[in-house]
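K.L.:
The following block contains a protein sequence and its predicted model.
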Amino acid sequence: MSTPSTRPALPAFVWGVPGVSLLPPPTQKPIPTIPTPWDALEFTPLGAYKVRRHLGVTMDEPGRFNASRNKFLAADLAFLASGASEDGSHTIEADKFFKQFHNLYDSLPKGPDGQTARREFGDSVRTLIFDLVYLPPRFIKEHPETHATIAYLVQTYIEHVRIPTARDWRTRAKKIWPLTQRGHFSAEVDLPTTLVPVPPVRSALYVFQGRPWGDLKLEVPPPSLAQPSAPAADNRGFALSHQFNWWLLSWIRIKALRPVLATILFSI
């Protein structure tokens, strides 16, 4: 058995290192003075904050935490996600969400503060995934013959995985919320002019715009990517207007974060 930590509990906002300010996320309840036990930490903004409370902010090297702040916070997320692919929590009823979904919503307040915290948490997870698995810009530049295949893979993922995921999410969400909001839709959507979008300067983040259903076809598509029958009309606009990031395609390969897929995708 490991020896309990003798480090004194730090109240919120007080880290014991000059110049370090790490604010806690908004919460439904006050944060206890005594840190939550390691094994009880959850994959939420508050859980990541509690990991950092346990680890501290490198008191022995002034300035190191602020100098590597993003790396430390990414490490907190990786700590929480590690082992999730083998935790046995991958089968749920058809009309239920994973428990991580409820943990995220229950740990944050309702309204704008909670929405902002979920969005920022999702952005942080996306950045971490993209740092681990990405599409090299150099490869894209040197192999233009692959552009059609890459665009086809992304579009196929939207049509065969993203749309069913959205449909399933709505079915489950109706059991929790009234879903009376009409949302925001644009009748005019500009179609992509290139197969592979140009990423921002110094970045490898590709944002793919969805296309009309069946708009992209390979001359000889792989057997596993055979074209389906056209979906109902109400799904075509979704495929057309939805922005799809390459990191979502990579997400399939990172099973550790699969339980929170719906949480991150639909944190609004």
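P.N.:
Cool, the structure landed. Keep in mind that what you see is a predicted model, and the values were worked out from it rather than measured.

K.L.:
Tell me how far Asn66 lies from Phe72.
P.N.:
According to Cβ to Cβ, to the nearest Å, Asn66 and Phe72 sit 9 Å apart. Every C-beta, even on glycine, is put in place using the N, C-alpha and C of the backbone.

K.L.:
neighbour count winner among these two?
P.N.:
Counting neighbours by other Cβ atoms under 10 Å for Asn66 and for Phe72 shows that Phe72 has the greater number, 19 against 15.

K.L.:
Skipping adjacent residues, who's closest to the more buried one in space?
P.N.:
Computed as Cβ to Cβ, 6 or more residues apart in numbering, the closest residue to Phe72 that is not its neighbour in sequence is Phe65, at 6.1 Å.

K.L.:
the longest helix in this structure is where?
P.N.:
The longest helix of the chain (DSSP state H) is helix 112-132.

K.L.:
can I get the CA coordinates of it in CSV?
P.N.:
Presented in CSV, the C-alpha positions along helix 112-132 are these (Å, rounded to 0.1, in the frame of the first residue of the first chain):
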residue,chain,number,x,y,z
PRO,A,112,-23.2,29.9,-20.0
ASP,A,113,-20.5,29.2,-17.4
GLY,A,114,-20.9,25.4,-17.7
GLN,A,115,-21.2,25.6,-21.5
THR,A,116,-17.9,27.6,-21.8
ALA,A,117,-16.1,25.2,-19.4
ARG,A,118,-17.3,22.1,-21.5
ARG,A,119,-16.2,23.8,-24.7
GLU,A,120,-12.8,24.7,-23.4
PHE,A,121,-12.4,21.2,-22.0
GLY,A,122,-13.3,19.7,-25.4
ASP,A,123,-10.8,22.0,-27.1
SER,A,124,-8.0,20.9,-24.7
VAL,A,125,-8.8,17.2,-25.4
ARG,A,126,-8.8,17.8,-29.1
THR,A,127,-5.4,19.6,-28.9
LEU,A,128,-3.9,16.7,-27.0
ILE,A,129,-5.2,14.1,-29.5
PHE,A,130,-4.0,16.1,-32.4
ASP,A,131,-0.5,16.4,-30.8
LEU,A,132,-0.4,12.5,-30.7
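
K.L.:
Please compute how far it lies from its chain's middle.
P.N.:
6 Å (Cα atoms, centre = their mean, to the nearest Å).

K.L.:
for that helix, which positions count as buried?
P.N.:
By 16 or more other Cβ atoms under 10 Å, the buried positions in helix 112-132 come out as 114, 117-118, 121-122, 124-130.

K.L.:
I'd like to know how many residues surround Gly214.
P.N.:
Other residues near Gly214 come to 15 when the count uses other Cβ under 10 Å.

K.L.:
Run a quick check on Pro24 versus Tyr49, I expect a contact.
P.N.:
Yes: counting by Cβ atoms under 8 Å, Pro24 sits close enough to Tyr49 to count as a contact (5.1 Å).
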